[in-house]
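Peer 1: sequence first, then the predicted structure:
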Amino acid sequence: MKDQTTCLRTHPDFRINYEQALNPSQLEAVTFMDGPLLVIAGAGSGKTRTLTYRVAHLVERGVPPGAVLLLTFTRKAAQGMLRRAAALLDNRCENIAGGTFHSFANALLRRYGSHTGLAANFTILDRSDTESLIGLLKKDLGFSLKNRSFPKNRTLANIFSKTINKASSVQDLLYNDYPHLMPELDDIMAIYSAYNGHKLQHGCLDFDDLLVYLHRLLQDVPDIRRRISSTSRYIMVDEYQDTNPIQAEILELLSDAHRNIMVVGDDSQSIYAFRGANFKNIMDFPKIFPGTRIIRLEENYRSVQPILNLANHTIEMATEKYTKTLFSRKPGDKKPELVSAAGERSQSKYIIEKILRLSAKGIPLSQIAVLFRAGFHSFDLEVELARNRIPFIKMGGFKFVESAHIKDVLAHLRVLSNPYDRISWHRILLQLDKIGPKTADKIYRDILNQNEGCAGLLKVKARSAHSSGMDSLQALFAQLLSMPRPLVEMGEAVLAYYLPILKAKHDDHPKRTRDIEQLLAIMEKYDTLDAFLSDMALEPPSASVDNSLSVSETSGESRLTLSTIHSAKGLEWHTVFIIWVLDGRFPPLHSMKKHEELEEELRLMYVAMTRAQELLYLTLPMQIYDRSAGKILNRPSRFVELIPDTILTRRYYY
């Protein structure tokens, strides 16, 4: 096969000078055409730039936009790349199919799902919906009164999800991850069977089902698979190290007709095993796709070399990896610092002092981040920040759409899309006075028996005990069903109905009302209810200010960022603090028992380090007593303890 990277770089009709815009490794990846390609993109090495230019290059090369598929892990990432590609070339690039695995699956299943027995108007259950459904089914099956050791709804939801994402049976998963629950296996299997049966009967899919049904469609319906694969002749995948087994199999099926698949990722940034990501996918890609070309992107455009020296030295400890060495041409010689503080309060005090000095030097708060392994690690710092009037935004751990008041509002809209949604009907009806679970279930079945969708509610006869509440609810749905209206007006109608309920239930109703108003602002961006509900389920907002929703359009004040490392992946700041770099906290004690978990913790540290552009500070409180282990934690993280002083400066703060 002739060299793909030499004949397509400089074409007389190309508008873009690819050789001038890209470094040699990026250029090789962008101009590679047919066959499988694995791009190992080190942190800050221009991964997004490479994908963006490849989109433009394929279109400029003459590939129809409809023949290109770009899969990412956030819709924002896909849209950003396509917009940039359009700015480089022209609007044809925006016609490329781009989105997340789940949104891609959602779109295909809305179109072809009937081949797998799905109705086109299926509802997507988020995690809290799943837990609520499991709770209802436990009651139906008589498990709600079992002994206290029986697994909670959240635990069962995690088990059911992991069976899909780890390609495991329930029995094997319990044996490996939850051995203490093995005595409950038969009952758990009964709930699992009822859970899957209910979803099928009521037109509901959870997140994992989107992938399961897409996989089933591609595997079991060859004609559809060939049609989709022949259409998507060039496939590009971002963050491939974060894929799980079923996603890897979907990609193999999607590329069945051509094998033109380019995956981009960094094995050193594989940090999502807890949600099923399989580190082996990126390591085994050349085995799954024989003849794979491997290209490494090692020039870093984000960080100064001293930060990269620390990151390179740290990741060198990994036992399995694609070897690479990040380098930078960016000027800067300030070594990262490891600061040992007397205790947690001293750690917070040090960070406050440092932030104030940085601000005095002109570094805006928005260019400073504090990263941590777990959400609770920042609690003491949050108190001190508030005391010192330093505004901040917290990322990670905030579940906006799982807040009770948001779930309440969304429930009224979801039944308009899928009137068989038992969970949402129960949520709506239980808001009304003197209606309990049994009455709610009876009313739900009365609605279904009318066989008129949501309009069936209007014919339900209410008992006098709860007639006033039902009258108001029926009036709301009569209004919603009366005529087509903009989505935001439907939301406003729900809010007007729901506001008295909100005020009666919650003392902090002003804050919750502001949350709903933010939800209405989001609705204004959508033309259809289904698109809005799908996005709220698949990619809900997750950043908070004072534990309320924050959207970038509404926040003009410069704020410090607090973030879990998982939520910070893909982002960057001038100055980064990594706190609780204490052995037993990072890595946590439980991860020290399994080699694979400890390796992932090492990669997590690498991700945190490579978020910093100019300055990097690692801090730890000394002499922390761990009650669960019955021991004092007083050593720096094993990932940095033995780093030489030529790479890492050590200081003490008391």
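Peer 2: Yep, that arrived. Numbering: from 1, shown residues only.
Peer 1: what's the burial count for the spatially closest residue to Asn165 that is not a sequence neighbour?
Peer 2: In this structure, Asn165 finds its nearest non-sequential neighbour in Gly276, 2.4 Å apart by C-beta to C-beta, 6 or more residues apart in numbering. Heads up, the C-betas are built off the backbone N, CA and C, glycines and all. For Gly276, the number of neighbouring residues by other C-beta atoms under 10 Å comes to 22.
Peer 1: so Gly276 versus Ile224, what's the distance?
Peer 2: Distance check for Gly276 against Ile224: by C-beta to C-beta, to the nearest Å, it reads 25 Å.
Peer 1: export stretch 270-277 as PDB, just CAs?
Peer 2: Extracted C-alpha coordinates of stretch 270-277, given in PDB (Å, rounded to 0.1, in the frame of the first residue of the first chain):
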ATOM      1  CA  SER A 270      -7.700   6.500  31.200                       C
ATOM      2  CA  ILE A 271      -9.400   7.400  34.500                       C
ATOM      3  CA  TYR A 272     -13.000   6.200  34.200                       C
ATOM      4  CA  ALA A 273     -12.900   2.500  35.100                       C
ATOM      5  CA  PHE A 274     -15.600   3.200  37.700                       C
ATOM      6  CA  ARG A 275     -18.100   3.800  34.900                       C
ATOM      7  CA  GLY A 276     -17.000   0.900  32.800                       C
ATOM      8  CA  ALA A 277     -14.200   2.400  30.700                       C
END
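Peer 1: contacts for that stretch, please.
Peer 2: The contact list for stretch 270-277, computed with C-beta atoms under 8 Å, 6 or more residues apart in numbering, reads 161-162, 164-166, 241-245, 279, 282, 565-566, 569, 596-597, 600, 603-604, 607.
Peer 1: off-centre distance for stretch 292-301?
Peer 2: 25 Å (C-alpha atoms, centre = their mean, to the nearest Å).
Peer 1: so what's the residue count around Lys459?
Peer 2: Lys459, neighbours per other C-beta under 10 Å, totals 12.
Peer 1: mind listing what it touches?
Peer 2: Gln450, Glu452.
Peer 1: per-residue pLDDT, Tyr653?
Peer 2: You'll see Tyr653 listed with a pLDDT of 90.
Peer 1: my read: it touches Ile352, true?
Peer 2: No: when contacts are counted by C-beta atoms under 8 Å, Tyr653 is not listed as touching Ile352 (11.5 Å).
Peer 1: quick one: the helices in the stretch 551-654 of the chain, in order.
Peer 2: Counting by DSSP state H, counting those that start in this stretch, one finds helices in the stretch 551-654 of the chain at the ranges 565-568, 595-609.
Peer 1: lowest average pLDDT across these?
Peer 2: Minimum mean pLDDT among the helices of the stretch 551-654 of the chain: helix 565-568, a mean of 91.
Peer 1: what comes into contact with that helix?
Peer 2: Here helix 565-568 has contacts from 271-272, 369, 371-373, 395-396, 542, 561, 578, 604, 607-608, 611, using C-beta under 8 Å, 6+ apart.
Peer 1: may I ask which helix or strand encompasses Glu320?
Peer 2: Element membership for Glu320, per DSSP states H and E: none, as it lies in no helix or strand.
Peer 1: now it: how far from Ser268?
Peer 2: From Glu320 to Ser268 the distance is 11 Å (C-beta to C-beta).
Peer 1: the more surrounded of these two?
Peer 2: Ser268 (24 against 11).
Peer 1: what about the nearest residue to Pro306 once chain neighbours are set aside, distance to Tyr652?
Peer 2: Using C-beta to C-beta, 6+ apart and skipping the chain neighbours, the partner closest in space to Pro306 is Lys335 (4.7 Å). Distance of Lys335 to Tyr652, computed by C-beta to C-beta: 16 Å.
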